[in-house]
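**Student:** model this:
(one chain, ligands or ions: 1)
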Amino acid sequence: MTKCTQCDEDVGATPYNPMPEWKIKGPLCSKCYSKNISEHYPGEHVRLNLMDDDEKKKNLR
Ligand SMILES: [Zn+2]
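**Tutor:** Below is the predicted model:
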């Protein structure tokens, strides 16, 4: 099992790697990845399908 280095939760099937400039260690779960995106790029609308994909996966389970 791969655990998120930020919240210690299982990252699931898709671990996310942090951006080099975040200076944190991966892997990250989709939640923490999104959180870091919004923290590091405030106001910037980074096109992400991560949450959508995550929702889809949840619905499939
Ligand atoms: Zn996490």
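**Student:** Just the pLDDT at the closest residue to residue 35 other than its chain neighbours, thanks.
**Tutor:** With sequence-adjacent residues excluded and distances taken as C-beta to C-beta, 6 or more residues apart in numbering, residue 35 is closest to residue 6, at 8.0 Å. For every residue, glycine as well, the C-beta is placed using N, CA and C. On pLDDT, residue 6 comes in at 96.
**Student:** For residue 6, list the residues it contacts.
**Tutor:** Residues in contact with residue 6 (C-beta atoms under 8 Å, 6 or more residues apart in numbering) are 24, 28, 29, 32, 35, 36.
**Student:** farthest-separated two in those residues?
**Tutor:** Farthest apart among these by C-beta to C-beta are 24 and 29. That separation is 12.8 Å.
**Student:** higher neighbour count, those two?
**Tutor:** Shown here are residue 24 and residue 29; by other C-beta atoms under 10 Å, residue 29 has more neighbours (23 against 13).
**Student:** pLDDT at that one, what is it?
**Tutor:** For residue 29, the model assigns a pLDDT of 95.
**Student:** do the one 4 residues further on as well
**Tutor:** According to the prediction, residue 33 has pLDDT 94.
**Student:** same deal with the one 4 residues further on?
**Tutor:** With respect to pLDDT, residue 37 has a value of 90.
**Student:** Check which helix or strand it maps to.
**Tutor:** Using DSSP states H and E, residue 37 falls within helix 30-40.
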